[in-house]
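In: Coordinates only, no sequence provided:
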């Protein structure tokens, strides 16, 4: 009985070894076939002529797709946004504001956190004192000036004159090219009005050079000595001899001297093509070439030269042409 069982176990082991042997043989036969099939599915790679270690890329039309499969995607972080110009992330917005009783340009500008010249520029205000309740103003969300392009202007020239980056000018105005046209409106970020332009609007460009009574205006009048109609290129302010005469605007003393008609006189040169003349002085208190501030004493009122009595003859020149001082004095 025991020998019979032993013989059966031996037969089973022999059969198992036979099966395993046959399967191994089958695997040896199938393996080359599987490798051949796999090779046919892979893209052809040409390694000839390439240094060792260099990656050979597929040459099929699907190369781009294959490469994307090899790329490692990186998450987009907030740091990428920091590299953008701040101007690109913002835009100019305009709010309408109706002027109320008691408002002033300075109080309106302060209410919106802006410079006063920003409000002046966007609303083309010529005289601050002319602001009336009920007027609707355009209020931008950022400081800067509105600029109307003139013939011959260029973006580079505008950026340079206002001291702003050219890229900022392009970004804020959404310009696709550097071509600009006359009468085109541009926004100049963070730009400021010149001191003279601002003072002109605020009525502070020129101040009266002396106290006294207005005795003669600008324009045609009869000559006080001959009665002949002549052009008077300034105004006369009468007062007693020795009344202080001060600079109507900050500037440089361009000339002092004596003229048979004007008597002792002083001429001041100012920015933006302005000059002022002070005549019939009894004394000159400044010398040529010195700089004076607005309100600085430059001499005393007198009766020198061709004069009918103590007074100051005062003229404002703009680009060498006399203008009516009463349009500039407030």
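Out: Happy to help now that I have it. Remember, it's a predicted structure, so these values are computed and weren't measured experimentally.

In: Run a quick neighbour tally on the residue lying closest to residue 153 once chain neighbours are set aside.
Out: Closest residue in space to residue 153, ignoring its immediate chain neighbours: residue 180 at 6.4 Å, by Cβ to Cβ, 6 or more residues apart in numbering. (C-beta placed from N, C-alpha, C; glycine too.) Residues contacting residue 180 under the criterion other Cβ atoms under 10 Å number 16.

In: can you check residue 231 too?
Out: 9.

In: okay, it: pLDDT?
Out: For residue 231, the pLDDT comes out at 93.

In: Now it. Its backbone dihedrals?
Out: phi -90, psi 130 (degrees, to the nearest 10).

In: In space, what's closest to it - neighbours in sequence excluded?
Out: Among residues not flanking residue 231 along the chain, residue 220 sits closest, at 5.4 Å (Cβ to Cβ, 6+ apart).

In: From residue 179, how far out is the one you found?
Out: Remark: distance between residue 220 and residue 179 (Cβ to Cβ, to the nearest Å) = 48 Å.

In: go on, residue 100?
Out: For residue 100 relative to residue 179 (Cβ to Cβ), the value is 42 Å.

In: cool, and residue 319?
Out: Distance from residue 319 to residue 179, by Cβ to Cβ: 31 Å.

In: what do you get for residue 300?
Out: Using Cβ to Cβ, one gets 58 Å for the distance from residue 300 to residue 179.

In: Counting neighbours, go ahead and name the busier of those two.
Out: Just comparing residue 300 and residue 179: by other Cβ under 10 Å the higher neighbour count belongs to residue 300, 20 against 9.

In: low pLDDT regions in the stretch 1-150 of the chain?
Out: 1-90 (pLDDT under 70).

In: Going by neighbour count, list what's buried in the helix or strand hosting residue 197.
Out: Residue 197 belongs to helix 195-202 when assigned by DSSP states H and E. Neighbour counts using 16 or more other Cβ atoms under 10 Å place 196-202 of helix 195-202 among the buried residues.
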